[in-house]
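Trainee: Give me a 3D structure for the following:
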Amino acid sequence: MPRPAKFVRTEAVARALEVFWQRGYHATSLKDLETALTMRPGSIYAAFGSKAGLFDEVLSHYAEQSLALLRQKLFNHPSAMQGLREYLYSLANLGEREPAERACMLVKTMLELATTEPQLSARADAYLAEMENVFCEVFMTAMQQNELEKDADPRFLAQQLQVAIFGLRVFSQRQTSPLRVRLLAEQIANQFTRVDKIA
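Mentor: So this is what the prediction gives:
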């Protein structure tokens, strides 16, 4: 019996993620969650403790999925730079996705909740730091594979890359051509897979 209960919980968290991602934390009402999860208020509170408790679990779910997908794309190639290039090229279709999906849930959370829900904002920040560590690992691997100069700074490059990705995601929210977003994504890919020229 524990197995079905776990499945239902995972499904509920996934549904809540869709609502929070689209509407944001504060704009999501309990009624929205009732509808999405097909659960009554008492059941939601019994399962997650509070709206913040549910959101915390949603953040964890989103971060785990994102980190797993990131690692899969980055480290599925013999060459670190090839993996990074493939990942960055995968962002080229951001402008063609639904508006909510163009933005990173973690960044949205930090911007929205920094002053009102600092604990949740801090959780999002911690997950973003984990992603930075993954990028840093890629650049360190590239150094070991002689794809990056030995005096390069993997940590700084990882932070620089994260800034570029954040900017691309924000830009894709504007009323702009998907082709322009694609060209910018390709430019970022070209820049960071020739890091010997910028390190």
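
Trainee: In the chain, what helix or strand scores lowest on average pLDDT?
Mentor: Every helix and strand of the chain was ranked by mean pLDDT, DSSP states H and E. The lowest is helix 99-102, at a mean of 66.

Trainee: Quick one: name whatever helix or strand follows that one.
Mentor: Scanning forward in sequence from helix 99-102 by DSSP states H and E, the next helix or strand is helix 105-113.

Trainee: What is the burial count for E132?
Mentor: Applying other CB atoms under 10 Å, we find 15 other residues in the vicinity of E132. All C-beta atoms are positioned from the backbone trio N, CA, C, and that covers glycine.

Trainee: Does anything pack onto the helix or strand where it lies? Which helices or strands?
Mentor: For E132, the enclosing helix or strand under DSSP H and E is helix 118-144. For helix 118-144, the contact count by 3 or more CB pairs under 8 Å, 6 or more residues apart in numbering; DSSP states H and E identifies helix 51-74, helix 80-89, helix 105-113, helix 154-172 as packing neighbours.

Trainee: could you redo these as JSON lines and give each row mean pLDDT and mean neighbour count?
Mentor: As requested, those are exported to JSON lines (pLDDT from 0 to 100; neighbours: other CB atoms under 10 Å):
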{"stretch": "helix 51-74", "mean pLDDT": "95", "mean neighbour count": "17"}
{"stretch": "helix 80-89", "mean pLDDT": "92", "mean neighbour count": "20"}
{"stretch": "helix 105-113", "mean pLDDT": "93", "mean neighbour count": "19"}
{"stretch": "helix 154-172", "mean pLDDT": "93", "mean neighbour count": "17"}
